[in-house]
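Enquirer: Build me a model from this:
(one chain, ligands or ions: 1)
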Amino acid sequence: MAENIEENEYIPVASLEDFTGKIKVEVQNEELLIINVRGEIYAISDRCGHMGVSLFYGELDGYNIECPLHGTQFNVQTGEVANLESRKPKLKFLKDDLDALLKGLGLPLVKIKPLKIYKVKVENGVIKVKMPKV
Ligand code: FES
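Expert: As a prediction, the model looks like this:
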């Protein structure tokens, strides 16, 4: 969206107008979700901290977003795992099956990392995110 981006500069990514729920944007080769929770805007990595699945199709439940594959919920304010147990029993079985398969093969369970979060500000109806130094 912007050219000649200075390091640590806030980058415009979307308009607040007509924006509810979540949208996906790409900034400096990273896929982010911009999330609106009751008028508060957050930016998180679009990739689940478990196996890297896109969270775009995950359901929002207040400040938590649920991974559409295994159902882990992440807090959009902190990026931390909010709940390892899915609200959907079917997703819980998928995660339990994966864990059982890995254990049966003698492989370590895949650890769930917190999501990357990004600083956000809104100026004149434009949502801007601050990318970390590389
Ligand atoms: S890929 Fe998201 S919880 Fe497994």
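Enquirer: Please count neighbours and contacts with C-alpha atoms only from this point.
Expert: Fine.
Enquirer: which parts of the protein sit against the ligand?
Expert: Within reach of the ligand by C-alpha under 6 Å from any ligand atom, the chain has these residues: 48, 50-53, 67, 69-72.
Enquirer: Among those residues, name the buried ones.
Expert: 48, 50, 53, 67, 69-72 (16 or more other C-alpha atoms under 10 Å).
Enquirer: So which of those sit within strands?
Expert: Among these, none falls in strands (DSSP state E).
Enquirer: Let me have these in CSV, adding pLDDT as columns.
Expert: Listed next are these as CSV, based on pLDDT from 0 to 100:
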residue, pLDDT
48, 96
50, 91
53, 95
67, 94
69, 89
70, 87
71, 89
72, 91
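Enquirer: Name the helix or strand of the protein that has the lowest mean pLDDT.
Expert: Using mean pLDDT, DSSP states H and E, helix 89-104 stands out as the lowest-scoring helix or strand of the chain, at a mean of 81.
Enquirer: Which strands or helices does the helix or strand just after it pack on?
Expert: Proceeding N to C from helix 89-104, the next assigned helix or strand is strand 117-123, under DSSP states H and E. The contact analysis (3 or more C-alpha pairs under 8 Å, 6 or more residues apart in numbering; DSSP states H and E) places strand 117-123 against strand 40-45, strand 126-130.
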